[in-house]
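Student: Requesting a structural model of the entry that follows:
(one chain, ligands or ions: 1)
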Amino acid sequence: MPVRPPMFRPSHARAPRPSDAQERDRRRGSARDRGYTAEWDRAAKAYLDEHPLCLGCSAVGRLKPAALVDHVEPHRFDMVKFWVVEMWQPSCRRHHDVVKKHLEARFDRGELRVEDLRLDSRVAIAATLAMMPVE
Ligand SMILES: [Zn+2]
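Tutor: Next up, the predicted model:
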């Protein structure tokens, strides 16, 4: 009986690798799994219509459109926290990705209180001035 020779996959035909985004989703659950549903999209858009400027930029006298709704306190899958509108704040991309990320790391280490995570708090303003020089 003939034995099928082993198959070798040519090097240019590697199994498709998941994209970085797919990898991230696999590890932490997809955006939808984390509560970012169509309902959230609608609520966030309505919120931004009412709060069009980035809170962190406004706090230092800069007028910049908000790109997203940030949760003041990281909600960590807690859907009750997720929907507390008083804990939302309008944010530009840079405030979210740079200043807020920095503040949340300090919050996680127990150095900051929840109020400090508001982009117009004294701590956040100091971080903005240090991390987001005027362009
Ligand atoms: Zn900003």
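Student: C-alpha only now, for contacts and for neighbours.
Tutor: Fine.
Student: what does the protein put close to the ion?
Tutor: By the criterion of CA under 5 Å from the ion, the positions of the chain lying close to the ion are 54, 56, 57, 92, 95.
Student: CSV please, covering those and showing pLDDT and neighbour count.
Tutor: Compiled in CSV, those are given as follows (pLDDT from 0 to 100; neighbours: other CA atoms under 10 Å):
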residue, pLDDT, neighbour count
54, 98, 27
56, 98, 29
57, 98, 24
92, 98, 20
95, 98, 25
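Student: ok, the residues you listed vs residue 118, which is closest?
Tutor: Taking CA to CA as the measure, residue 118 lies nearest residue 56 of those, at 8.1 Å.
Student: which element is that closest one on?
Tutor: Secondary structure here is read from DSSP states H and E; on that basis residue 56 sits in helix 55-58.
Student: what's that helix packed up against?
Tutor: strand 88-91, helix 122-131 (3 or more CA pairs under 8 Å, 6 or more residues apart in numbering; DSSP states H and E).
Student: Mind doing that once more with 7 Å?
Tutor: Counting contacts by 3 or more CA pairs under 7 Å, 6 or more residues apart in numbering; DSSP states H and E, helix 55-58 is packed against strand 88-91.
Student: Now do the strand it packs on: distance to the chain's middle.
Tutor: Relative to the chain's own centre, strand 88-91 is displaced by 11 Å; criterion: CA atoms, centre = their mean, to the nearest Å.
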